[in-house]
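Participant: I would like to see how this sequence folds:
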Amino acid sequence: MNRSLLLSLPLLLAACSDRPSFDPDVVKAARLGEGLPTGFMLGTSTAAHQVEGGLENDWTEWERGQWPDGRPHIKDGTVSGAATDSWNRFDEDVRLMERLGSNAYRFGVEWARIQPTPDTWNEEALARYQQWAHTLRQKGITPMVTLYHFTLPTWVSDAGGWENPATIDAFEKYSAKVAEALGGEVDWWCTVNEPNVYAVLGYLDAEWPPGKEDMPLAATVIANLLEGHARAAKQLRALDTVDADGDGFATRIGLAHHVRVFQPATGTTADTVVAGLTDSFFNESVTEALRTGRVHISVPSQVNLDREVEGLKGSSDYLGINYYTRDYVRQYFGEPSLSRQYVPRGRQKNDLGWELYPEGLYLFLTRYAKLGLPLIVTENGMADTDGEERPYYLQSHVYAVEQAVAKGVDVRGYFHWSLLDNFEWAEGYEPKFGLFKVDLESPEKTRTETPAVATFQDIARNLGLTPDP
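Facilitator: Next comes the predicted model:
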């Protein structure tokens, strides 16, 4: 049994009870926000490709493709297209943030827009992103900028994408360019979003570009993404020397790590071991690499990657956690993952079939506190078309954050996914994650608040971000 599996066992054991830890009545009665620390960032998240529109990258190419049986790559048959048109409606989106009472916003910059060819830099795009960050600061909203959120310029993907070590060099140069352009307004940086998700969906499940099923390649891609993070961190520290918010730090650098609770479906040894292996690969590989500076990914009979990455240890000032759900794991050796995941009947689920399990966020916050890094919930939300279940989802997960803080965990922020309904990758436009609905058919892309807006406003008010009415 390897060290990562040993580390994962406490979480597995903690998750084995079906009795909920949080009483819904207690959650609903809590004055959420009052239990969060001074300076806490309460905001929303978006990604460039999902909201900007008007892009050409590896994802727009993928969206136009089909599976061998004729089904479109995107489940609802849509393409990202104009998305929510946030590229042209950013000021409108800022007004939504102000309506929420939020004091932070995590947004992505699009590599393909900034560097459309290897030898071309779009200075106009860089200037617009810089103006966005400036506008946010003027409004009292802290910008957190994500450098890489799943999309590549086509010239990068055509050369092999993150399979190719040359992409690490290209990403470092791109990161340096963004640091020079935005560093005067941005202190909080998220280098890479969810390297584990990108590897699983692009290189194991083949649901995302490049659509491969290759476990060794998946491991290589994770390692390359982590080296990209380390290289980007080096450039950000060297080139962003302006302390925009005056807190004594010109840069706060991390990555966003997607985590899921993997609970054994039964108490059998097979299910327990496979759940542990799944947890080790998905939840521990990235964090252990950040802690040690070595990427070690081991899956029996499939891959045993062990690679030291220069500059990786000590590269992060915080760990971002993207948390949504819990999966039950049943051993099945016919799959590359050695298992199948499902949610039992009778569990409360979102529109994508993901279980609502706020206790899982608490488990991960307390688990990763041992890394000694400040933690930020960089994504958390639910697909809910009518929006009626989202208020409690938001309440219960902020409650989970407050419970972790009460245990002494250093949590610095919570970013809800998402500010807006947007293009949800292979799922298309059908899942609705936004605090604000978007009428994609209207010329104005009209934004309309959901019931969770009032919930968010209450939390902001209790945190002291907005005055009492």
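Participant: Tell me where the stretch 51-200 of the chain has strands.
Facilitator: Applying DSSP state E, counting those that start in this stretch to the stretch 51-200 of the chain gives strands spanning 104-108, 142-148, 188-193.
Participant: Just want the angle from the second one to strand 104-108.
Facilitator: Angle, strand 142-148 to strand 104-108, by axes from the mean of the first three to the mean of the last three CA atoms, to 10 degrees: 20 degrees.
Participant: Let me see the backbone angles for Asn164.
Facilitator: Backbone dihedrals for Asn164, given as degrees, to the nearest 10, come out at phi -90, psi 120.
Participant: ok, back up a step: just put the strands of the stretch 51-200 of the chain in a markdown table and tack on distance to Leu42.
Facilitator: (Each C-beta comes from the backbone N, C-alpha and C, glycine too.) A markdown table is the format used below for the strands of the stretch 51-200 of the chain (distance: least, CB to CB, whole Å):
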| stretch | distance to Leu42 |
| --- | --- |
| strand 104-108 | 7 |
| strand 142-148 | 10 |
| strand 188-193 | 14 |
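Participant: buried ones in stretch 156-176?
Facilitator: By neighbour count with 16 or more other CB atoms under 10 Å, stretch 156-176 contains the buried residues 156-157, 161-164, 167-168, 170-172, 174-176.
Participant: And stretch 316-336, by the same measure?
Facilitator: 316-331, 336.
Participant: Quick one: residues contacting the nearest residue to Glu308 once chain neighbours are set aside.
Facilitator: Distances taken as CB to CB, 6 or more residues apart in numbering put Arg294 closest to Glu308, at 5.0 Å, once the chain neighbours are dropped. Contacts were defined as CB atoms under 8 Å, 6 or more residues apart in numbering; by that measure Arg294 touches Glu288, Asp306, Arg307, Glu308, Val309, Leu312.
Participant: Which pLDDT value goes with the first one?
Facilitator: Note on Glu288: pLDDT of 98.
Participant: returning to that earlier point: state the distance from the residue nearest to Glu308 to Lys234.
Facilitator: Distance of Arg294 to Lys234, computed by CB to CB, to the nearest Å: 18 Å.
Participant: which strands and helices sit next to the longest helix seen in the chain?
Facilitator: As assigned by DSSP state H, the longest helix anywhere in the chain is helix 215-239. Packed against helix 215-239 by the contact rule (3 or more CB pairs under 8 Å, 6 or more residues apart in numbering; DSSP states H and E) you find strand 142-148, helix 166-182, strand 188-193, helix 195-203, strand 252-264, helix 285-292, strand 294-299, strand 303-308.
Participant: Direction-wise, compare the last one with helix 285-292 and give the angle.
Facilitator: Same thing as strand 303-308. 30 degrees.
Participant: Past strand 303-308, which element shows up next along the chain?
Facilitator: strand 319-331 (DSSP states H and E).
Participant: Just name whatever secondary elements that next one is in contact with.
Facilitator: Using 3+ CB pairs under 8 Å, 6+ apart: strand 319-331 touches strand 252-264, helix 269-279, strand 339-342, helix 359-368, strand 375-379.
Participant: These: lowest mean pLDDT?
Facilitator: Across the helices and strands packed on strand 319-331, strand 339-342 gives the lowest mean pLDDT, at a mean of 78.
Participant: ok, and what's touching that strand?
Facilitator: Phe262, Ala265, Val274, Ala275, Thr278, Asp327, Tyr328, Val329, Arg330, Gln331, Tyr332.
Participant: Tell me what the residue nearest to the fifth one when sequence neighbours are not counted is bridged to.
Facilitator: Setting aside the residues directly before and after it, Thr278 is nearest to Phe262 in space (CB to CB, 6+ apart), at 4.7 Å. Using DSSP bridges, the beta-bridge partners of Phe262 come out as Asp327.
Participant: What is the neighbour count of the nearest residue to Gly211 once chain neighbours are set aside?
Facilitator: Excluding the flanking residues, the one nearest Gly211 by CB to CB, 6+ apart is Gly202, at 7.2 Å. Using other CB atoms under 10 Å, Gly202 is surrounded by 26 other residues.
Participant: if I pick Phe333, what's in contact with it?
Facilitator: Here Phe333 is in contact with no residues (criterion: CB under 8 Å, 6+ apart).
Participant: With mean pLDDT, distance to Lys407 and mean neighbour count as extra columns, can I get the strands of the stretch 51-200 of the chain in a markdown table?
Facilitator: Formatted as a markdown table, the strands of the stretch 51-200 of the chain follow (pLDDT from 0 to 100; distance: least, CB to CB, whole Å; neighbours: other CB atoms under 10 Å):
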| stretch | mean pLDDT | distance to Lys407 | mean neighbour count |
| --- | --- | --- | --- |
| strand 104-108 | 98 | 23 | 26 |
| strand 142-148 | 99 | 25 | 25 |
| strand 188-193 | 98 | 24 | 26 |
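Participant: returning to what we had before: neighbours of the residue nearest to Thr278, how many?
Facilitator: Neighbours around Phe262, by other CB under 10 Å: 26.
Participant: surely it meets Asp279?
Facilitator: Yes. Between Phe262 and Asp279 there is a contact under CB atoms under 8 Å: 4.8 Å.
Participant: Not counting sequence-adjacent ones, nearest residue to Ala181?
Facilitator: Leu126 is the one closest to Ala181 (CB to CB, 6+ apart), at 4.1 Å.
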